[in-house]
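Enquirer: what would the 3D arrangement of this be:
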Amino acid sequence: MKPLCIDRSALVVVDVQKGFDNLEKAGMRRNNPDAVTQISRLLAAFRSKGALVIHIRHAGLAPNSAFRQDGSGYPVQEAAREAPGESVIVKFVNSAFIGTDLEELLRRLNIQTLIIVGATTNHCVETTTRMAGNLGFDARLVQDATWTFDRIGPDGANHTAEDIHAMTLVNLSEEFAEIVTTSEVIEELCT
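Expert: Next comes the predicted model:
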């Protein structure tokens, strides 16, 4: 992994919202139970270096969305709460680049490397990471700071969160992003 220069890198925290806690309480099973702890470590590291942190929030539009702005699932999880002065971008679709000023903000600040964390690996994290790569950013997806849930496929087969997570990393690796760990990012974060 190449060193991360703080003046050209940003930590992008995708959808770490209480709606995912609610899904777990309702019985959905996830992988990476320590992902939010890893996100907290990354937040502390980026903040200690004065590096850019951008928070993404999903605002569900469907009446039954777990992430409606007026619902209990919209607020951020406490461990990933933004600090004063950190940007919060609200999105209404999977990609943090669609219908937002994220790209404009990154270009204006001359940010080239995005460290992407959050939920879920195969939805908003994957879509945001693919677009980041397509837009020419040096995207780095942190595998132990993302998570997803078990899902039933269109054929009725059960797919574990671990398998979905792993396949998403395979799909993104090399073409769209470098797959890294929290420890690697912290080790390479330089001034």
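Enquirer: could you use CA atoms for every contact and neighbour count after this?
Expert: Noted.
Enquirer: give the burial count for residue 25, as a bare number.
Expert: 10 (other Cα atoms under 10 Å).
Enquirer: where does this structure have low pLDDT?
Expert: 191 (pLDDT under 70).
Enquirer: what residues does stretch 149-168 touch?
Expert: Stretch 149-168 is contacted by residues 28, 29, 30, 31, 120, 121, 122, 126, 147, 148 when judged by Cα atoms under 8 Å, 6 or more residues apart in numbering.
Enquirer: which ones are touching the closest residue to the last one other than its chain neighbours?
Expert: With sequence-adjacent residues excluded and distances taken as Cα to Cα, 6 or more residues apart in numbering, residue 148 is closest to residue 120, at 4.7 Å. Shown in contact with residue 120 (Cα under 8 Å, 6+ apart): 15, 126, 146, 147, 148, 149.
Enquirer: backbone phi and psi for the first one, please?
Expert: According to degrees, to the nearest 10, the main-chain angles of residue 15 amount to phi 60, psi 40.
Enquirer: ok, it touching residue 119?
Expert: Yes. With contact defined as Cα atoms under 8 Å, residue 15 reaches residue 119; the gap is 5.7 Å.
Enquirer: more crowded one of those two?
Expert: Neighbours were counted for residue 15 and for residue 119 using other Cα under 10 Å; residue 15 has more, 29 against 23.
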